[in-house]
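Trainee: got a predicted structure plus its sequence, pasted below:
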Amino acid sequence: MELVTPSIGLVFWTALAFICLLILLRKLAWKPILGAIHEREQSIDEALNKAELAKQEMTRLTAQNQDLMQQARAERDEILKEAKTLKDGILNEAKKQAQLEGAKLIEKAKIEIENQKKVALAEVKGQVSTLSLEIAERVLRNQLDDKAKQEALVANLLKDVELN
Amino acid sequence: MDCNQVFVMKVKKVMFVFTLLIAFLSFRNDAFAQVDSAIASPDSVLAESAHAVSGEPGATAHGEEKFEPTKVIMEHIADSHVWHLWGHTSIPLPVILYTSGGLEIFSSANFHNGEHDYQGKYNKYRLVTGLKQSMTKDMFNKNIKVVGADGQLDETASDTVIDFSITKNVAAMFIAIALIVIVFSAVAAGYRKRVGKAPKGLQSFLEPVIIFVRDDIAKPNIGHKYAKFMPYLLTIFFFILFNNLLGLVPIFPGSANVTGNIALTFVMATATMLVVNLNGNKYYWKHILTPDVPWWLYPIMIPVELIGIVSKPFALMVRLFANITAGHIIVLSLISLIFIFKTLAIAPVSVAFVLFMDVLELLVAFLQAFIFTLLSALFIGMAVEEHH
């Protein structure tokens, strides 16, 4: 029976000591310890959340970068294409213009040539007539001197004329 | 999915612990019953011899003493007014008596191990130890009796004396408390000094335990109101744990059977009962006073529920007391084998078994602290639970 009979002194001291311990530890230990653990957990949670957010932001930014890059590339291609068509257009235009101009020039040249030819022909005709007149004059003069010589002269002169 | 896994893990863990506990309890009860019968049977024999002793006091105190394992074990299990260290060396502890005349404070060394009476201010006192005392039928387990003018024990005068002595258990408990306060103020200082940093040293050793109490005992059983009860749960957990562990140390600061004393477990269980019932909400009281049964069952149900208020902490009290006491008894019985057989040959066997038991007791020390705290949390949780 001794074993299972609580002695009043021990009950008293245990109760007193236990209450003191409870109050003491509550103030001295549990409040700061639990508070610190809680705070640390909170801060760790927060840090993890922030890291997660940063990661998301990072992926978002990367995606955005990729997008921008793609866009820029597309734009560049567009510009290049445009430039090329523009160049081709200009080139074609220039070619056409040149051809047109060339054709005009040729036309002009032809007309000029024709004109020159006409002028030349007219001049030649004039000269021929002048020469013919001179020849006729000389022949007439020589004939007046010697008949035979006059005839030879005429023949010579005619030869020269043909060469010219 | 993740949550489910965790839940399954927890259930497995709890099941494991409970299987262990049940295995233990069955093993323990067996062992305890055996020891109990072993204790009980020599009791009658000793009662007879005690008669003889009272005829010629002090006859057995000297000379070749027959080894009585029951006496040795019971002396260890029970409380004492001196703290026995080794051989004939022991620390006398203060005796504090509340008498009708007033307080009496003196050293227990004055009794000379019960061989002398001490004349106090108001009365003459005699230390009645061990089994001699168990013959006297008094409620409060008094070891110190008043001696009348005729040299005989004066029982009526003894009844008025209340013993508030600092006994071995009280002293051991104070040591444990001092240790707890030192350890946890050091840990708290660590938290104050290194705010928001990772724990270090003692702090990192105890933090998982504190978090275990919070996350595996308080939160699942009490729910979102757990924070209010954390100081209480942590205090009982570490108070029981430290006392259990100190009880396993065979030399000075330990060796007392503090948590194996019914007075201490009585106080702890009463504390749990008070915490539970003082925090019980209207649903809790409604469940007790107007249970969900047909009205004509009330005469049965209400008393049953009222008994339940007491029986829950009663179970707590007995569980802790019986487990720790049984452990101490088994260890001491195994050691006693050496002296019973009076041969050193049995020593290796004894030591091997004691080693095994000590390791087991180490587990029990944690387990009982855990169970006590867990059940306290469970009862608190039942009392503060909100019904929808």
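Mentor: Everything's here; your move.

Trainee: average model confidence for the strand or helix carrying B:Trp285?
Mentor: Assigned by DSSP states H and E, B:Trp285 belongs to helix B:282-289. Average pLDDT, helix B:282-289: 88.

Trainee: which other residues reach that helix?
Mentor: Defining contact as Cβ atoms under 8 Å, 6 or more residues apart in numbering or on different chains, one finds that helix B:282-289 is touched by B:302, B:305-306, B:308-309, B:382-387. Using the backbone N, CA and C atoms, a C-beta is placed for each residue, glycine as well.

Trainee: chain center to it: distance?
Mentor: Its chain's C-alpha centre and that of helix B:282-289 lie 32 Å apart, by Cα atoms, centre = their mean, to the nearest Å.

Trainee: tell me the contacts of the residue nearest the centre of chain B?
Mentor: Computing the C-alpha centroid of chain B and ranking residues by Cα atoms, centre = their mean puts B:Thr259 first, at 2.2 Å. By Cβ under 8 Å, 6+ apart, the residues touching B:Thr259 are B:240, B:243-244, B:247, B:265, B:320-321, B:324, B:368.

Trainee: narrow these to those in helices?
Mentor: B:240, B:243-244, B:247, B:265, B:320-321, B:324, B:368 (DSSP state H).

Trainee: which of those are buried?
Mentor: B:240, B:243-244, B:247, B:265, B:320-321, B:324, B:368 (16 or more other Cβ atoms under 10 Å in any protein chain shown).

Trainee: and which of those is nearest chain A?
Mentor: Checking those against chain A with Cβ to the nearest Cβ, the nearest one is B:Phe321 at 7.8 Å.

Trainee: not counting sequence-adjacent ones, nearest residue to that closest one?
Mentor: In this structure, B:Phe321 finds its nearest non-sequential neighbour in B:Thr265, 4.4 Å apart by Cβ to Cβ, 6 or more residues apart in numbering or on different chains.

Trainee: B:Val82 pairs with what?
Mentor: On the basis of DSSP bridges, B:Val82 is bridged to B:Pro92.

Trainee: rewinding a little: buried ones in the helix holding B:Trp285?
Mentor: Under the neighbour-count criterion of 16+ other Cβ under 10 Å, helix B:282-289 has B:284, B:287-288 buried.

Trainee: out of those, who's nearest A:Ala29?
Mentor: Ranked by distance to A:Ala29 (Cβ to Cβ), the buried residues of helix B:282-289 are led by B:Tyr284 at 29.6 Å.

Trainee: that older thread, same list (the ones in helices among the contacts of B:Thr259) but as a markdown table, adding pLDDT.
Mentor: Shown next, in a markdown table, are the ones in helices among the contacts of B:Thr259 (pLDDT from 0 to 100):
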| residue | pLDDT |
| --- | --- |
| B:Ile240 | 94 |
| B:Asn243 | 93 |
| B:Asn244 | 92 |
| B:Gly247 | 89 |
| B:Thr265 | 93 |
| B:Leu320 | 94 |
| B:Phe321 | 93 |
| B:Ile324 | 92 |
| B:Gln368 | 94 |
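
Trainee: hmm, B:Asp154 is touching B:Lys145, no?
Mentor: Yes - B:Asp154 lies in contact with B:Lys145 (Cβ atoms under 8 Å); the separation is 7.4 Å.

Trainee: more neighbours, these two?
Mentor: The neighbour count for B:Asp154 versus B:Lys145, taken as other Cβ atoms under 10 Å in any protein chain shown, is higher for B:Lys145 (25 against 18).

Trainee: assign the more buried one to helix, strand or coil.
Mentor: Secondary structure, DSSP: H, G, I helix; E, B strand; the rest coil: B:Lys145 is strand.

Trainee: show me what contacts it?
Mentor: B:Lys145 neighbours (Cβ under 8 Å, 6+ apart): B:125-126, B:128, B:136, B:153-155, B:158.

Trainee: rewinding a little: the residue nearest to B:Phe321 against B:Leu316, yeah?
Mentor: Yes - contact status for B:Thr265 versus B:Leu316: in contact at 7.3 Å, counting by Cβ under 8 Å.

Trainee: now the terminal residues of stretch B:154-173, how far apart.
Mentor: Length of stretch B:154-173, first residue to last, Cα to Cα, to the nearest Å: 32 Å.
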